[in-house]
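J.: whatever this is, show me its structure:
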Amino acid sequence: MMLGRLHISGHSYQGLEIFEVDGLVHYAFLKLKRSKGELELIQSFTTDTLSELASHIDPKKSLWVQLNTSRVLNKPLGRDRPKTMEQWVKTVFPNLDLEQFYFQIMDWDKLPLVSIAKRSVVQEHLAKLKEHGWVPAGLSLGVAGLLPCMDFLEPPIQGSNFRIAPTDDGSWNVSPAIWEPEHTVELNGLELPALHLLSFSHLLGHVQGMEPASNLTGFNQKLEHLAINKRLFQMGLQWGLGFLLTLLLVNFMLFSHYRSKTLDADGFIDPAQQASLLKQVRERVEVKENKLQALMGSSNSRATYYLDQIAEGLPESILLDVLTYQPLTRPIQEDKPISLAADHIIISGQTNNKMEFSGWTAKLESMEWVQEVEIERYEYTSGTVNNFSLKLYCDAIGQTK
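T.: Predicted structure coming up:
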(Lines give C-alpha, C1' and ligand atoms only; values in the text may rest on other atoms or scores of the structure.)
Protein backbone atom coordinates (compact mmCIF):
# COMPACT_ATOMS: atom_id res chain seq x y z
CA MET A 1 0.00 0.00 0.00
CA MET A 2 1.61 3.25 -1.14
CA LEU A 3 2.02 5.97 1.46
CA GLY A 4 3.19 8.74 -0.87
CA ARG A 5 5.54 11.29 0.63
CA LEU A 6 4.35 10.73 4.18
CA HIS A 7 7.25 10.47 6.64
CA ILE A 8 6.97 7.24 8.65
CA SER A 9 8.85 6.62 11.88
CA GLY A 10 9.98 3.06 12.50
CA HIS A 11 10.24 0.10 10.16
CA SER A 12 7.94 -2.57 11.59
CA TYR A 13 4.51 -2.51 13.24
CA GLN A 14 2.59 -5.08 15.29
CA GLY A 15 -1.18 -5.23 15.78
CA LEU A 16 -3.31 -7.57 17.90
CA GLU A 17 -7.10 -7.77 17.60
CA ILE A 18 -8.95 -9.38 20.50
CA PHE A 19 -12.32 -10.51 19.14
CA GLU A 20 -15.08 -12.92 20.08
CA VAL A 21 -17.08 -15.47 18.08
CA ASP A 22 -19.81 -17.63 19.66
CA GLY A 23 -18.60 -16.76 23.15
CA LEU A 24 -14.97 -17.76 22.49
CA VAL A 25 -12.24 -15.11 22.55
CA HIS A 26 -9.69 -15.19 19.71
CA TYR A 27 -6.44 -13.30 19.12
CA ALA A 28 -5.47 -12.16 15.60
CA PHE A 29 -1.84 -10.99 15.32
CA LEU A 30 -0.58 -8.94 12.38
CA LYS A 31 2.94 -7.72 11.58
CA LEU A 32 3.76 -5.15 8.89
CA LYS A 33 6.97 -3.52 7.72
CA ARG A 34 7.75 -0.32 5.85
CA SER A 35 9.72 -0.75 2.63
CA LYS A 36 10.27 1.99 0.04
CA GLY A 37 7.23 4.00 1.08
CA GLU A 38 4.91 0.96 1.24
CA LEU A 39 3.41 -1.16 4.00
CA GLU A 40 4.03 -4.86 3.43
CA LEU A 41 2.45 -7.85 5.18
CA ILE A 42 5.10 -9.87 7.05
CA GLN A 43 3.08 -12.21 9.25
CA SER A 44 -0.49 -13.00 10.29
CA PHE A 45 -1.43 -15.49 12.99
CA THR A 46 -4.64 -16.40 14.83
CA THR A 47 -5.13 -18.36 18.05
CA ASP A 48 -7.51 -18.69 20.99
CA THR A 49 -4.75 -18.73 23.66
CA LEU A 50 -2.36 -15.92 24.56
CA SER A 51 0.51 -18.30 25.32
CA GLU A 52 0.78 -19.28 21.64
CA LEU A 53 1.51 -15.64 20.73
CA ALA A 54 4.78 -15.59 22.69
CA SER A 55 6.84 -16.81 19.73
CA HIS A 56 5.26 -14.27 17.37
CA ILE A 57 5.20 -10.96 19.30
CA ASP A 58 8.53 -9.13 19.41
CA PRO A 59 8.78 -7.50 22.88
CA LYS A 60 11.32 -4.99 21.50
CA LYS A 61 8.73 -3.56 19.09
CA SER A 62 5.57 -1.55 19.84
CA LEU A 63 2.25 -3.42 19.91
CA TRP A 64 -1.12 -1.83 19.13
CA VAL A 65 -4.24 -3.58 20.42
CA GLN A 66 -7.80 -3.57 19.01
CA LEU A 67 -10.53 -4.69 21.43
CA ASN A 68 -13.60 -6.06 19.61
CA THR A 69 -15.34 -8.55 21.88
CA SER A 70 -19.05 -8.84 22.67
CA ARG A 71 -18.48 -6.42 25.58
CA VAL A 72 -17.61 -3.66 23.11
CA LEU A 73 -20.80 -2.15 21.68
CA ASN A 74 -20.98 -0.67 18.16
CA LYS A 75 -23.99 1.50 17.40
CA PRO A 76 -24.63 3.66 14.28
CA LEU A 77 -25.72 7.28 14.61
CA GLY A 78 -28.60 8.91 12.77
CA ARG A 79 -28.17 11.49 10.05
CA ASP A 80 -27.97 14.42 12.48
CA ARG A 81 -24.42 14.69 13.80
CA PRO A 82 -23.75 16.42 17.14
CA LYS A 83 -20.84 18.83 17.48
CA THR A 84 -18.91 17.17 20.32
CA MET A 85 -17.76 13.61 21.00
CA GLU A 86 -19.72 13.46 24.24
CA GLN A 87 -22.93 14.44 22.43
CA TRP A 88 -22.34 11.65 19.90
CA VAL A 89 -22.15 9.10 22.71
CA LYS A 90 -25.13 10.45 24.65
CA THR A 91 -27.24 10.43 21.48
CA VAL A 92 -26.84 6.68 20.93
CA PHE A 93 -26.19 5.64 24.55
CA PRO A 94 -28.25 7.99 26.75
CA ASN A 95 -28.07 8.07 30.56
CA LEU A 96 -24.54 6.66 30.73
CA ASP A 97 -21.90 7.83 33.20
CA LEU A 98 -19.14 8.54 30.67
CA GLU A 99 -16.51 8.50 33.42
CA GLN A 100 -16.98 4.71 33.53
CA PHE A 101 -16.56 4.17 29.76
CA TYR A 102 -14.04 4.52 26.95
CA PHE A 103 -15.48 5.38 23.54
CA GLN A 104 -14.30 5.91 19.97
CA ILE A 105 -16.11 7.55 17.03
CA MET A 106 -16.15 6.62 13.33
CA ASP A 107 -17.02 9.90 11.62
CA TRP A 108 -17.62 8.47 8.14
CA ASP A 109 -20.17 9.95 5.72
CA LYS A 110 -22.09 6.73 5.07
CA LEU A 111 -21.90 5.16 8.53
CA PRO A 112 -21.34 7.45 11.54
CA LEU A 113 -20.82 5.09 14.46
CA VAL A 114 -19.86 4.95 18.15
CA SER A 115 -17.92 2.08 19.76
CA ILE A 116 -17.95 1.96 23.56
CA ALA A 117 -16.71 -0.30 26.38
CA LYS A 118 -16.46 -0.15 30.16
CA ARG A 119 -13.07 0.91 31.48
CA SER A 120 -13.02 -2.17 33.70
CA VAL A 121 -13.33 -4.40 30.60
CA VAL A 122 -10.35 -2.66 28.99
CA GLN A 123 -8.25 -3.04 32.16
CA GLU A 124 -9.19 -6.71 32.39
CA HIS A 125 -7.74 -7.49 28.94
CA LEU A 126 -4.65 -5.33 29.48
CA ALA A 127 -3.96 -7.19 32.74
CA LYS A 128 -3.96 -10.51 30.84
CA LEU A 129 -1.47 -9.10 28.33
CA LYS A 130 0.72 -7.78 31.17
CA GLU A 131 0.89 -11.28 32.67
CA HIS A 132 2.78 -12.29 29.51
CA GLY A 133 5.06 -9.22 29.64
CA TRP A 134 3.29 -7.22 26.88
CA VAL A 135 2.54 -3.51 27.39
CA PRO A 136 0.61 -2.09 24.37
CA ALA A 137 1.59 1.27 22.91
CA GLY A 138 -2.03 2.08 22.03
CA LEU A 139 -5.62 0.82 22.11
CA SER A 140 -8.55 1.00 19.70
CA LEU A 141 -12.20 0.05 20.31
CA GLY A 142 -14.59 -1.90 18.10
CA VAL A 143 -15.53 -1.19 14.51
CA ALA A 144 -14.77 2.54 14.93
CA GLY A 145 -11.10 1.70 14.37
CA LEU A 146 -11.87 1.04 10.69
CA LEU A 147 -12.12 4.76 9.90
CA PRO A 148 -8.61 5.16 8.33
CA CYS A 149 -9.40 2.35 5.82
CA MET A 150 -13.04 3.04 4.92
CA ASP A 151 -12.32 5.08 1.78
CA PHE A 152 -10.20 2.21 0.37
CA LEU A 153 -12.82 -0.53 0.88
CA GLU A 154 -15.65 -1.75 -1.33
CA PRO A 155 -18.88 -3.15 0.18
CA PRO A 156 -19.65 -5.55 1.62
CA ILE A 157 -16.83 -5.15 4.17
CA GLN A 158 -16.05 -8.38 6.04
CA GLY A 159 -13.98 -8.40 9.25
CA SER A 160 -13.20 -10.77 12.10
CA ASN A 161 -16.73 -10.94 13.52
CA PHE A 162 -18.63 -8.18 11.70
CA ARG A 163 -19.99 -7.22 8.30
CA ILE A 164 -20.66 -3.70 6.99
CA ALA A 165 -22.92 -3.27 3.97
CA PRO A 166 -25.53 -0.89 2.51
CA THR A 167 -29.21 -1.67 3.08
CA ASP A 168 -32.16 -1.44 0.69
CA ASP A 169 -33.03 2.09 1.86
CA GLY A 170 -29.53 3.38 1.02
CA SER A 171 -28.22 3.52 4.58
CA TRP A 172 -25.32 1.43 5.86
CA ASN A 173 -25.44 -1.08 8.67
CA VAL A 174 -22.99 -3.12 10.76
CA SER A 175 -24.02 -6.64 11.78
CA PRO A 176 -22.42 -9.77 13.35
CA ALA A 177 -20.82 -12.18 10.89
CA ILE A 178 -19.20 -15.59 10.87
CA TRP A 179 -15.44 -15.66 10.66
CA GLU A 180 -14.29 -16.85 7.22
CA PRO A 181 -10.55 -17.72 7.28
CA GLU A 182 -10.27 -17.83 3.48
CA HIS A 183 -11.78 -14.39 2.94
CA THR A 184 -9.29 -11.67 1.90
CA VAL A 185 -9.58 -7.95 1.29
CA GLU A 186 -7.59 -5.67 -1.03
CA LEU A 187 -6.57 -2.16 -0.02
CA ASN A 188 -4.94 -0.13 -2.77
CA GLY A 189 -2.92 -3.08 -4.05
CA LEU A 190 -2.23 -4.79 -0.72
CA GLU A 191 -4.03 -8.09 -0.12
CA LEU A 192 -4.45 -9.32 3.44
CA PRO A 193 -6.78 -11.66 5.35
CA ALA A 194 -10.07 -9.94 6.22
CA LEU A 195 -9.63 -11.32 9.72
CA HIS A 196 -6.83 -8.75 10.30
CA LEU A 197 -8.62 -5.75 8.76
CA LEU A 198 -9.12 -3.96 12.09
CA SER A 199 -5.45 -4.36 13.08
CA PHE A 200 -4.28 -3.05 9.72
CA SER A 201 -6.60 -0.05 9.93
CA HIS A 202 -5.37 0.81 13.45
CA LEU A 203 -1.72 0.62 12.35
CA LEU A 204 -2.42 2.68 9.22
CA GLY A 205 -4.19 5.32 11.32
CA HIS A 206 -1.20 5.47 13.68
CA VAL A 207 1.30 5.79 10.81
CA GLN A 208 -0.70 8.51 9.03
CA GLY A 209 -1.84 10.33 12.18
CA MET A 210 -5.51 9.66 11.37
CA GLU A 211 -6.69 7.87 14.51
CA PRO A 212 -10.46 8.22 15.18
CA ALA A 213 -11.71 10.73 17.76
CA SER A 214 -12.10 9.24 21.24
CA ASN A 215 -11.57 9.82 24.97
CA LEU A 216 -8.63 7.37 24.81
CA THR A 217 -5.99 10.01 24.02
CA GLY A 218 -4.64 10.46 27.54
CA PHE A 219 -4.91 6.75 28.27
CA ASN A 220 -3.00 5.84 25.08
CA GLN A 221 -0.28 8.38 25.89
CA LYS A 222 0.21 6.73 29.27
CA LEU A 223 0.38 3.29 27.64
CA GLU A 224 2.96 4.54 25.14
CA HIS A 225 5.13 6.02 27.93
CA LEU A 226 5.01 2.75 29.89
CA ALA A 227 5.92 0.72 26.79
CA ILE A 228 8.84 3.04 25.92
CA ASN A 229 10.18 3.09 29.50
CA LYS A 230 10.02 -0.69 29.72
CA ARG A 231 11.92 -1.18 26.45
CA LEU A 232 14.57 1.40 27.47
CA PHE A 233 15.06 -0.29 30.83
CA GLN A 234 15.44 -3.74 29.25
CA MET A 235 17.92 -2.43 26.69
CA GLY A 236 19.89 -0.62 29.39
CA LEU A 237 20.06 -3.76 31.50
CA GLN A 238 21.33 -5.85 28.59
CA TRP A 239 23.95 -3.28 27.64
CA GLY A 240 25.04 -2.97 31.27
CA LEU A 241 25.58 -6.71 31.68
CA GLY A 242 27.44 -6.83 28.37
CA PHE A 243 29.68 -3.99 29.51
CA LEU A 244 30.51 -5.76 32.78
CA LEU A 245 31.41 -8.97 30.93
CA THR A 246 33.64 -7.04 28.52
CA LEU A 247 35.31 -5.20 31.39
CA LEU A 248 36.01 -8.47 33.19
CA LEU A 249 37.56 -9.97 30.06
CA VAL A 250 39.75 -6.90 29.40
CA ASN A 251 40.88 -6.86 33.03
CA PHE A 252 41.91 -10.50 32.85
CA MET A 253 43.78 -9.98 29.55
CA LEU A 254 45.68 -6.97 30.97
CA PHE A 255 46.66 -8.93 34.04
CA SER A 256 47.83 -11.87 31.92
CA HIS A 257 49.91 -9.52 29.78
CA TYR A 258 51.43 -7.86 32.85
CA ARG A 259 52.23 -11.25 34.40
CA SER A 260 53.91 -12.43 31.18
CA LYS A 261 56.08 -9.31 31.06
CA THR A 262 57.02 -9.75 34.73
CA LEU A 263 58.07 -13.37 34.21
CA ASP A 264 60.19 -12.42 31.20
CA ALA A 265 61.94 -9.68 33.19
CA ASP A 266 62.56 -11.68 36.35
CA GLY A 267 63.70 -14.83 34.65
CA PHE A 268 63.18 -18.17 36.36
CA ILE A 269 60.66 -18.44 39.19
CA ASP A 270 60.63 -21.54 41.33
CA PRO A 271 57.51 -23.79 41.30
CA ALA A 272 56.34 -22.63 44.74
CA GLN A 273 56.28 -19.00 43.61
CA GLN A 274 54.45 -19.95 40.40
CA ALA A 275 51.82 -21.87 42.36
CA SER A 276 51.30 -18.93 44.74
CA LEU A 277 50.96 -16.46 41.86
CA LEU A 278 48.51 -18.72 40.04
CA LYS A 279 46.42 -19.09 43.19
CA GLN A 280 46.20 -15.30 43.56
CA VAL A 281 45.05 -14.94 39.95
CA ARG A 282 42.37 -17.62 40.39
CA GLU A 283 41.10 -16.02 43.58
CA ARG A 284 40.78 -12.59 41.94
CA VAL A 285 38.98 -13.97 38.90
CA GLU A 286 36.71 -16.09 41.08
CA VAL A 287 35.68 -13.06 43.18
CA LYS A 288 34.82 -11.05 40.06
CA GLU A 289 32.90 -13.97 38.52
CA ASN A 290 30.90 -14.52 41.71
CA LYS A 291 29.90 -10.86 41.81
CA LEU A 292 28.91 -10.89 38.15
CA GLN A 293 26.94 -14.15 38.49
CA ALA A 294 25.12 -12.79 41.53
CA LEU A 295 24.23 -9.67 39.60
CA MET A 296 23.10 -11.59 36.50
CA GLY A 297 21.22 -14.21 38.49
CA SER A 298 19.06 -11.70 40.28
CA SER A 299 18.77 -8.86 37.77
CA ASN A 300 16.17 -10.19 35.36
CA SER A 301 13.43 -11.28 37.75
CA ARG A 302 13.95 -8.52 40.33
CA ALA A 303 14.51 -5.80 37.76
CA THR A 304 11.24 -6.70 36.02
CA TYR A 305 9.45 -6.67 39.37
CA TYR A 306 10.88 -3.25 40.31
CA LEU A 307 10.04 -1.83 36.87
CA ASP A 308 6.43 -2.98 37.15
CA GLN A 309 6.13 -1.59 40.69
CA ILE A 310 7.66 1.78 39.79
CA ALA A 311 5.74 2.17 36.51
CA GLU A 312 2.38 1.09 37.95
CA GLY A 313 0.37 4.16 38.80
CA LEU A 314 2.89 6.53 37.15
CA PRO A 315 1.01 9.84 36.65
CA GLU A 316 0.67 11.19 33.11
CA SER A 317 2.44 14.38 34.28
CA ILE A 318 5.69 12.43 34.93
CA LEU A 319 8.04 11.22 32.18
CA LEU A 320 11.03 9.05 33.17
CA ASP A 321 14.39 9.67 31.47
CA VAL A 322 16.79 7.42 33.41
CA LEU A 323 16.30 4.43 35.72
CA THR A 324 19.59 2.99 37.04
CA TYR A 325 19.48 -0.32 38.89
CA GLN A 326 22.39 -0.96 41.29
CA PRO A 327 24.49 2.11 40.27
CA LEU A 328 28.26 2.27 40.58
CA THR A 329 29.44 3.67 43.90
CA ARG A 330 32.67 4.97 42.33
CA PRO A 331 34.19 5.28 38.85
CA ILE A 332 35.62 2.09 37.36
CA GLN A 333 39.40 1.95 37.88
CA GLU A 334 42.02 -0.47 36.66
CA ASP A 335 43.05 -3.09 39.22
CA LYS A 336 40.20 -2.05 41.50
CA PRO A 337 37.08 -4.18 42.14
CA ILE A 338 33.81 -2.98 40.63
CA SER A 339 31.64 -1.63 43.44
CA LEU A 340 27.84 -1.45 43.06
CA ALA A 341 25.26 0.11 45.34
CA ALA A 342 23.32 -3.12 45.66
CA ASP A 343 20.49 -1.55 47.62
CA HIS A 344 19.97 1.61 45.53
CA ILE A 345 17.86 2.58 42.50
CA ILE A 346 18.29 5.98 40.79
CA ILE A 347 15.28 7.50 38.96
CA SER A 348 15.44 10.72 36.90
CA GLY A 349 12.83 12.44 34.77
CA GLN A 350 10.56 15.42 34.25
CA THR A 351 7.22 16.54 35.69
CA ASN A 352 4.80 19.39 35.19
CA ASN A 353 2.69 18.78 38.29
CA LYS A 354 4.31 19.13 41.71
CA MET A 355 1.29 17.72 43.58
CA GLU A 356 1.17 14.53 41.50
CA PHE A 357 4.96 14.22 41.84
CA SER A 358 4.69 14.41 45.65
CA GLY A 359 1.92 11.83 45.66
CA TRP A 360 3.93 9.50 43.44
CA THR A 361 7.06 9.71 45.64
CA ALA A 362 4.91 9.01 48.71
CA LYS A 363 3.49 5.94 46.95
CA LEU A 364 7.02 4.72 46.13
CA GLU A 365 8.08 5.08 49.77
CA SER A 366 5.07 3.05 50.90
CA MET A 367 6.12 0.01 48.84
CA GLU A 368 7.15 -2.91 51.00
CA TRP A 369 10.63 -3.27 49.47
CA VAL A 370 11.46 0.48 49.62
CA GLN A 371 13.09 1.67 52.84
CA GLU A 372 13.44 5.35 51.97
CA VAL A 373 13.00 7.74 49.02
CA GLU A 374 15.49 10.60 48.84
CA ILE A 375 14.87 13.54 46.49
CA GLU A 376 18.38 14.31 45.28
CA ARG A 377 17.39 17.04 42.87
CA TYR A 378 14.28 19.06 41.91
CA GLU A 379 15.02 21.88 39.48
CA TYR A 380 12.56 24.45 38.17
CA THR A 381 13.78 24.57 34.57
CA SER A 382 10.77 26.42 33.12
CA GLY A 383 7.31 27.64 33.97
CA THR A 384 5.79 24.24 33.21
CA VAL A 385 8.49 21.55 33.32
CA ASN A 386 10.74 20.60 36.23
CA ASN A 387 13.60 18.09 36.34
CA PHE A 388 14.00 15.69 39.24
CA SER A 389 16.22 12.88 40.50
CA LEU A 390 15.31 10.32 43.18
CA LYS A 391 17.32 7.72 45.07
CA LEU A 392 15.47 4.67 46.39
CA TYR A 393 17.02 2.87 49.38
CA CYS A 394 15.84 -0.74 49.40
CA ASP A 395 16.04 -3.44 52.03
CA ALA A 396 19.05 -5.36 50.68
CA ILE A 397 17.55 -5.28 47.17
CA GLY A 398 14.84 -7.87 47.02
CA GLN A 399 14.27 -8.29 50.76
CA THR A 400 10.92 -6.94 51.91
CA LYS A 401 10.40 -4.99 55.08
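J.: helix or strand with the lowest mean pLDDT in the protein?
T.: Lowest on mean pLDDT, DSSP states H and E among the helices and strands of the chain sits helix 271-311, with a mean of 65.
J.: quick one: strands adjacent to the next helix or strand after that one?
T.: Next along the chain after helix 271-311, taking DSSP states H and E as the criterion, comes strand 318-325. Paired strands of strand 318-325, with direction, are strand 344-351 (antiparallel) (DSSP bridges).
J.: can you tell me the average pLDDT over the strand it pairs with?
T.: Mean per-residue pLDDT for strand 344-351: 87.
J.: what about it, distance to the chain center?
T.: From the chain centre to the centre of strand 344-351 is a distance of 19 Å (CA atoms, centre = their mean, to the nearest Å).
J.: quick one: buried residues of that strand?
T.: H344, I345, I346, I347, G349, Q350, T351 (16 or more other CB atoms under 10 Å). For every residue, glycine as well, the C-beta is placed using N, CA and C.
J.: which among the residues you listed gets closest to F103?
T.: The shortest approach to F103 among those belongs to T351, at 29.1 Å (CB to CB).
J.: which residues does the closest one contact?
T.: Contact analysis of T351 by CB atoms under 8 Å, 6 or more residues apart in numbering lists P315, S317, I318, L319, F357, V385, N386, F388.
J.: pull out the buried residues from these.
T.: Using 16+ other CB under 10 Å, the buried members of the contacts of T351 are P315, I318, L319, F357, N386, F388.
J.: okay, and the beta partners of the residue nearest to the fourth one when sequence neighbours are not counted?
T.: The shortest distance from F357 to any non-neighbouring residue, by CB to CB, 6 or more residues apart in numbering, is to T351 (4.5 Å). Under DSSP bridges, the beta-bridge partners of T351 are I318, N386.
J.: where do the helices of this protein begin and end?
T.: Secondary structure of the chain (DSSP state H): helices at 85-92, 119-131, 197-208, 217-266, 271-311, 354-365.
J.: taking their axis directions, the last one and strand 318-325 sit at what angle?
T.: I take that to be helix 354-365. Using axes from the mean of the first three to the mean of the last three CA atoms, to 10 degrees, the inter-axis angle of helix 354-365 relative to strand 318-325 is 30 degrees.
J.: what would the buried residues of strand 344-351 look like in a markdown table with distance to P327?
T.: Below are these laid out as a markdown table (distance: CB to CB, whole Å):
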| residue | distance to P327 |
| --- | --- |
| H344 | 6 |
| I345 | 8 |
| I346 | 5 |
| I347 | 11 |
| G349 | 16 |
| Q350 | 20 |
| T351 | 21 |
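J.: of these, which is the nearest to K75?
T.: Nearest to K75 among the buried residues of strand 344-351, counting by CB to CB, is T351 at 39.4 Å.
J.: what residues sit buried inside stretch 44-53?
T.: Residues of stretch 44-53 classed as buried: S44, F45, T46, L50, L53 (neighbour count, 16+ other CB under 10 Å).
J.: with stretch 113-122 instead?
T.: For stretch 113-122, a neighbour-count test (16+ other CB under 10 Å) marks L113, V114, S115, I116, A117, V121, V122 as buried.
J.: dihedrals phi and psi, A342?
T.: Note on A342: its backbone torsions stand at phi -70, psi -10 [degrees, to the nearest 10].
J.: swap that for A177, sorry
T.: Per degrees, to the nearest 10, the backbone of A177 is at phi -150, psi 160.
J.: excluding chain neighbours, what is closest to it?
T.: Counting by CB to CB, 6+ apart, the residue nearest A177 is R163, at 3.8 Å.
J.: L153 is in contact with the one you found, correct?
T.: No: between R163 and L153 there is no contact under CB atoms under 8 Å: 11.9 Å.
J.: check the offset of stretch 83-94 from the chain's centre.
T.: On the basis of CA atoms, centre = their mean, stretch 83-94 is displaced by 31 Å from the centre of the chain it belongs to.
J.: contacts for it?
T.: Stretch 83-94 is touched from outside by 73, 75-78, 81-82, 96, 98, 101, 103, 105, 112, 114, 116, 213-215, with contacts defined as CB under 8 Å, 6+ apart.
J.: repeat for stretch 13-20
T.: Residues contacting stretch 13-20 (CB under 8 Å, 6+ apart): 25-34, 39, 53, 57-58, 61-70, 125, 136, 160-161, 195-196, 198-200, 202-203, 206-207.
J.: strands - which of those residues land there?
T.: Under the assignment DSSP state E, these contribute 25-34, 39, 63-68 to strands.
J.: which among those residues count as buried?
T.: Taking 16+ other CB under 10 Å as the criterion, what is buried in the ones in strands among the contacts of stretch 13-20 is 26-32, 34, 39, 63-68.
J.: ok, which pair from those is furthest apart?
T.: H26 and R34 (27.2 Å).
J.: ok, T69 touching V25?
T.: Yes: here T69 lies in contact with V25, judged by CB under 8 Å, at a distance of 6.3 Å.
J.: list the contacts of L216.
T.: Here L216 is in contact with Y102, Q104, L139, S140, L141 (CB under 8 Å, 6+ apart).
J.: now swap in D48 and tell me
T.: Per CB under 8 Å, 6+ apart, neighbours of D48: L24, V25, H26, Y27.
J.: most widely separated two among these?
T.: Maximum pairwise distance among those (CB to CB): 10.9 Å, between L24 and Y27.
J.: roughly how far apart are G15 and R34?
T.: Distance of G15 to R34, computed by CB to CB, to the nearest Å: 14 Å.
J.: and for H206?
T.: From H206 across to R34, the span is 12 Å (CB to CB).
J.: what's near enough to touch M106?
T.: Residues in contact with M106 (CB under 8 Å, 6+ apart) are P112, L113, V114, S115, V143, A144, G145, L146, L147, M150, P212.
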